[in-house]
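Chemist: Fold the following, please.
(one chain, ligands or ions: 1)
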Amino acid sequence: MALDKDAVRRKYAEERAKRLRPDGNDQYLRPTGRLAHYLDDPHTPRAEREPKTDHVTVAFVGGGFAGLLTGARLKEAGIHDVRIVEKGGDFGGTWYWNRYPGAQCDTASFVYMPLLEETGHMPSEKYAHGPEILEHCQRIGKQYGLYDNALFHTEVQSLEWDDGRSRWIVRTDRGDAFTAQFVAMGIGPLHVPKLPGIPGIETFGGHSFHTSRWDYAYTGGDPSGAPLDRLGDKRVGIIGTGATAVQCVPHLARVCEKLYVFQRTPSSVDVRDNRPTDPEWFALIATPGWQRRWLENFTANQAGGAATEDLVMDGWTDIASRVRERIGALAPEERTLVRMLAAFEDSDFEKMEEIRARVDAVVEDPETARRLKAWYRQLCKRPCFHDEYLQAYNLPAAHLVDTDGKGVERITETGVVVAGVEYEVDCLIYASGFEVGTDYTRRAGYDLTGRDGVTLSADWAEGMRTLHGIHTRGFPNAFFVQPFQGANLISNIPHNLTEAGRTIAVIVKHALAQGYREVEVSEQAQRAWMDLLLTNRGGLLGSQECTPGYYNNEGQDAGLRAWVNVGYPEGAMAYFAYIDGWRSSGDFDGLEFRR
Ligand code: NDP
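Modeler: The predicted model follows:
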């Protein structure tokens with residue numbers, strides 16, 4: 001039967017309207033004050049140490065992939081004096097904190113895990129699990145000597161430019177006040193856990209934690225998948241059904257006496273099809289230069305390029321290849337913007353119908369199946385891939401409590417209230433995500449004071465302004481490592497970081513070799529880059545037509561501040577080619593070097 005596209009469009013609009021709320025991002029709570037314990041580190045005890053007051057060549061804020069990759073490239077470039085400052089107790093960033101059961105990468109390991117070729121590591125599965133990725137972070141740290149100078153359990157409080165001495169003063173919550181000629185920052189897009197601002201949240205008397213601080217002491221089990229053996233007599237509630245919940249709900253459903261999954265908006269859950277890596281196959285592909293070829297192939301397939309084959313073949317490249325096929329089927333004279341957008345939408349309808357049909361095929365209870373169906377375009381929210389999540393709802397312990405877009409009504413001392421019904425629970429788990437869309441310096445937890453006392457928070461009050469997503473005028477010798485205003489490749493964040501790390505290492509090496517004390521983007525180059533970015537009209541990602549979520553600032557138009565978080569107008573592949581050319585030319589066009 002032909003799909004009634006108008007009816008589906010109407011349904012999407014109705015579901016979106018149910019979820020729009022005036023408070024947008026303000027609906028969430030930051031775990032401070034009485035909620036601050038939600039941020040405690042359950043993984044590593046904090047060790048006391050003396051404050052640092054020395055000088056380093058490069059200080060890097062953040063010990064996740066960004067810091068590890070940039071640190072590795074700096075070391076390769078002969079810069080040994082690199083200090084990573086990290087708020088966690090070890091390297092790993094998101095993989096340090098997120099040790100919930102079932103945590104696993106969603107993009108194929110061969111392109112997601114950085115520096116595989118350099119470290120000689122073969123991912124054990126197509127989609128590696130969290131402990132292996134965390135171990136890989138430690139492997140990188142060890143191989144490149146990044147542990148030597150690192151400061152863990154340390155939060156930067158301020159970065160202040162000392163113009164007289166051409167260096168940054170780094171102050172931390174450990175009383176450190178050391179200096180660095182260069183600072184680089186890779187704070188991660190999703191690192192501040194947020195809690196839903198549900199009335200009564202502070203009154204809950206049972207046990208509770210955020211998924212990024214999983215409490216194995218309470219649940220039993222471990223991050224490697226050992227059963228959560230202390231939950232057999234527990235009633236557990238989990239709030240949220242995003243990518244995190246999709247991965248941990250199956251583990252909970254197997255063991256809890258009762259599991260209530262409180263849902264506001266269902267995720268789209270496509271096939272995962274994970275499998276162990278065949279070492280013989282890996283030996284065949286892992287020839288010199290393999291990971292770079294794979295990265296480029298993934299990006300060409302996923303984000304616009306001229307790939308002839310799909311090496312990676314994962315959920316992300318499948319989404320893109322379907323769209324490409326539809327557009328490719330149009331005759332050359334039909335390839336107008338309107339027709340291409342219609343082809344994109346048709347491909348989306350097809351995919352989402354498949355995903356909805358999968359729910360019916362898997363979930364035995366028809367009412368539960370109905371409520372697990374996602375009614376929005378796939379890229380409106382983070383696509384999920386799993387082969388046990390929907391299946392979990394067939395287990396006797398699992399109960400979906402759908403709030404029909406309204407969210408949980410109230411939390412009491414003993415449970416969770418939805419539509420006037422209280423669900424009593426012993427333990428409440430917040431799979432409620434991370435702060436997004438707020439100011440960079442708020443999320444970072446510190447401000448930068450650049451030349452002439454100008455702060456980054458003031459400078460970026462109307463949104464970030466950079467060259468290449470890396471440099472910002474007024475903040476010499478400071479580099480940002482993140483996807484926006486560069487490739488903006490959301491399907492594989494590490495590829496963005498890989499390239500930024502390379503770029504920064506080349507710049508620092510050049511500055512040091514030539515005896516430059518300072519490097520800063522020129523006013524004119526930054527303006528030209530911003531003008532170029534603003535020719536990018538954006539896409540579905542972040543669209544106000546989508547159901548609310550962190551992709552679109554919870555459905556509130558944030559104006560230019562959000563609009564500038566775009567990527568290179570010609571796409572990720574074109575950006576990577578451009579920046580490669582920029583780096584290898586040796587001209588450093590747009591940068592001013594000073595002695
Ligand atoms: P999300 O922000 O995606 O999900 C938060 C969930 O909490 C949503 O389902 C949200 O509903 C729900 N929620 C918020 N407030 C309420 C409320 N008042 N009542 C009921 N429910 C509520 O967080 P995640 O931690 O799941 O994921 C964050 C991101 O981290 C992902 O999008 C992904 O980018 C990344 N991630 C990546 C993984 C990987 O690559 N393997 C795994 C896990 C996460 P609603 O949708 O209606 O807002």
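Chemist: Show me which residues of the longest helix seen in the chain are buried.
Modeler: Assignment by DSSP state H gives helix 337-362 as the longest helix of the chain. The neighbour-count check on helix 337-362 (16 or more other C-beta atoms under 10 Å) flags 342-345, 347-349, 351-352, 355-356, 358-359, 362 as buried. (Glycine included, C-beta is placed from N, CA and C.)
Chemist: again with stretch 211-220
Modeler: By 16+ other C-beta under 10 Å, the buried positions in stretch 211-220 come out as T211, S212, R213, W214, Y216, Y218, T219.
Chemist: Stretch 393-404 too?
Modeler: So for stretch 393-404, counting by 16+ other C-beta under 10 Å, buried means Y393, A397, A398, L400, V401, D402, T403.
Chemist: ok, how many other residues are close to the residue nearest to Y550 when sequence neighbours are not counted?
Modeler: Nearest non-adjacent residue to Y550, counting by C-beta to C-beta, 6 or more residues apart in numbering: V436, 4.0 Å away. As a burial measure, V436 scores 17 neighbours (other C-beta atoms under 10 Å).
Chemist: Quick check: V436 vs G242, distance?
Modeler: Applying C-beta to C-beta, to the nearest Å, the value for V436 to G242 is 12 Å.
Chemist: Can you show me the strands along the stretch 301-450 of the chain?
Modeler: Counting by DSSP state E, counting those that start in this stretch, the segments of the stretch 301-450 of the chain that form strands are 384-385, 398-402, 410-411, 415-418, 421-424, 427-430, 447-449.
Chemist: Mind putting these into JSON lines with mean pLDDT and distance to E257?
Modeler: What follows is the strands of the stretch 301-450 of the chain, written out as JSON lines (pLDDT from 0 to 100; distance: least, C-beta to C-beta, whole Å):
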{"stretch": "strand 384-385", "mean pLDDT": "97", "distance to E257": "26"}
{"stretch": "strand 398-402", "mean pLDDT": "98", "distance to E257": "11"}
{"stretch": "strand 410-411", "mean pLDDT": "98", "distance to E257": "20"}
{"stretch": "strand 415-418", "mean pLDDT": "98", "distance to E257": "14"}
{"stretch": "strand 421-424", "mean pLDDT": "98", "distance to E257": "11"}
{"stretch": "strand 427-430", "mean pLDDT": "98", "distance to E257": "11"}
{"stretch": "strand 447-449", "mean pLDDT": "98", "distance to E257": "48"}
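Chemist: okay but E132 is in contact with P123, surely?
Modeler: Yes: E132 is within contact range of P123, at 7.0 Å (criterion: C-beta atoms under 8 Å).
Chemist: Save the strands of the stretch 301-450 of the chain as a markdown table, and put in distance to P476 too.
Modeler: Output for these, formatted as a markdown table (distance: least, C-beta to C-beta, whole Å):
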| stretch | distance to P476 |
| --- | --- |
| strand 384-385 | 42 |
| strand 398-402 | 53 |
| strand 410-411 | 48 |
| strand 415-418 | 51 |
| strand 421-424 | 55 |
| strand 427-430 | 41 |
| strand 447-449 | 11 |
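Chemist: Contact residues of this structure facing the ligand?
Modeler: 19, 104-106, 190, 196, 198, 239-245, 247, 262, 264-265, 382, 403, 407-408, 431-434, 549-550 (C-beta under 6 Å from any ligand atom).
Chemist: Could you tell me which of those belong to strands?
Modeler: P196, I239, F262 (DSSP state E).
Chemist: Only whichever of those residues are buried, select them in ChimeraX.
Modeler: The buried subset of these, as determined by 16+ other C-beta under 10 Å, is captured in ChimeraX by this line:
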select :196,239,262
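Chemist: which one of the ones in strands among the residues of the chain next to the ligand sits closest to the ligand?
Modeler: Closest approach to the ligand among those (C-beta to the nearest ligand atom): P196, at 3.6 Å.
Chemist: where along the stretch 451-595 of the chain do the helices fall?
Modeler: For the stretch 451-595 of the chain, applying DSSP state H, counting those that start in this stretch gives helices covering 456-459, 493-513, 523-533, 560-563, 572-585.
Chemist: try the stretch 251-400 of the chain
Modeler: 279-285, 290-302, 315-328, 337-362, 366-371, 389-392.
Chemist: Of all the ones you listed, which one is nearest E499?
Modeler: Shortest distance between E499 and these, using C-beta to C-beta, is found for helix 290-302: 9.1 Å.
Chemist: picking up where we left off before, what's the most buried one of the helices of the stretch 451-595 of the chain?
Modeler: Highest mean neighbour count among those (mean count of other C-beta atoms under 10 Å): helix 493-513, with a mean of 22.
Chemist: okay, the angle between that one and helix 290-302?
Modeler: Put simply, helix 493-513 runs at 120 degrees to helix 290-302, going by axes from the mean of the first three to the mean of the last three C-alpha atoms, to 10 degrees.
Chemist: for the lengthiest strand in the chain, packing partners?
Modeler: What stands out as the longest strand in the chain, according to DSSP E, is strand 177-185. Using 3 or more C-beta pairs under 8 Å, 6 or more residues apart in numbering; DSSP states H and E, the elements in contact with strand 177-185 are strand 55-61, helix 65-76, strand 167-172, strand 478-480, helix 493-513.
Chemist: Nearest to D90 among the ones you listed would be which one?
Modeler: For D90, the closest of those is helix 65-76, at 11.3 Å, according to C-beta to C-beta.
Chemist: Quick one: the helices in the stretch 101-250 of the chain, in order.
Modeler: Counting by DSSP H, counting those that start in this stretch, the stretch 101-250 of the chain has helices at residues 109-112, 116-119, 130-143, 216-219, 243-255.
Chemist: May I have the beta-bridge partners of F480?
Modeler: As for beta bridges, F480 partners with M185 under DSSP bridges.
Chemist: contacting residues around it?
Modeler: Contact analysis of F480 by C-beta atoms under 8 Å, 6 or more residues apart in numbering lists A184, M185, G186, M464, T466, G469, I470, H471, T472, A500.
Chemist: Thanks a lot, catch you later.
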